[in-house]
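Undergrad: turn this into a model:
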Amino acid sequence: MKKTFIFFGLLLFLWGCELFVIGTASKKIRPVEVNQKSPIGTIYLFKTELDSNNIPAATKILATPKGTQYLAIEKLDLYDEVERLGRILSNKPITYIRADSLTQLSYKVSVEFDYIHKMSFTTYKIDDAWFITEYGE
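TA: Numbers count the residues shown, from 1 in each chain. Predicted coordinates:
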């Protein structure tokens, strides 16, 4: 009888230990909206357009380093460069992304693709939308 109480007591104790989490809590991943309302969302939108091979839409997300939008003829001249970038990043997942503010209207976003390729993007807010003004490896 005494052994039965000890057995059930030990079983209840071990079962109760599942109520307590040992270790650190897992990080909660915040979803990112894929649009031009945030610097990170702009990078995701640019990557989505490159993955779908939609070069005209990807060049619409680009702006001049001075913070103005490109003219239509300038966007046409960028097609080859954006197409090359799309081939480099072809369907590689974004494995790490971090945004750092430069000013209230400008952010530098560091992105890692497939744990190998690292790129940095500079985004600038024009009116109510974010645009990529510079990018490089």
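
Undergrad: distance-wise, check the residue most central in space within the chain relative to Glu112.
TA: In the chain, the C-alpha closest to the average C-alpha coordinate belongs to Ile97, at a distance of 4.7 Å (C-alpha atoms, centre = their mean). Applying C-beta to C-beta, to the nearest Å, the value for Ile97 to Glu112 is 7 Å. To be clear about C-beta, it is placed using only N, CA and C from the backbone, and glycine gets the same treatment.

Undergrad: Phe113: neighbouring residues, count only.
TA: The tally of other residues near Phe113 (other C-beta atoms under 10 Å) stands at 19.

Undergrad: could you list every residue that touches the spatially closest residue to it that is not a sequence neighbour?
TA: Distances taken as C-beta to C-beta, 6 or more residues apart in numbering put Lys92 closest to Phe113, at 4.2 Å, once the chain neighbours are dropped. For Lys92, the contacting residues are 113-114, 116-117, by C-beta atoms under 8 Å, 6 or more residues apart in numbering.

Undergrad: Lys92 and Met119: what is the separation?
TA: 11 Å.

Undergrad: same question, Ile126
TA: 21 Å.

Undergrad: do Arg84 as well
TA: Using C-beta to C-beta, we find Arg84 at a distance of 13 Å from Met119.

Undergrad: and these two? Which one has more around it.
TA: Between Arg84 and Met119, counted using other C-beta under 10 Å, Met119 has the larger neighbour count: 16 against 10.

Undergrad: could you pull out the strands for the protein?
TA: 94-103, 106-113, 117-126, 129-136 (DSSP state E).

Undergrad: Ala57 is nearest to which of those strands?
TA: strand 129-136 (12.7 Å; C-beta to C-beta).

Undergrad: between the closest one and strand 117-126, how many degrees?
TA: Interaxial angle of strand 129-136 relative to strand 117-126 (axes from the mean of the first three to the mean of the last three C-alpha atoms, to 10 degrees): 140 degrees.

Undergrad: list the buried residues for strand 129-136?
TA: 130-133, 135 (16 or more other C-beta atoms under 10 Å).
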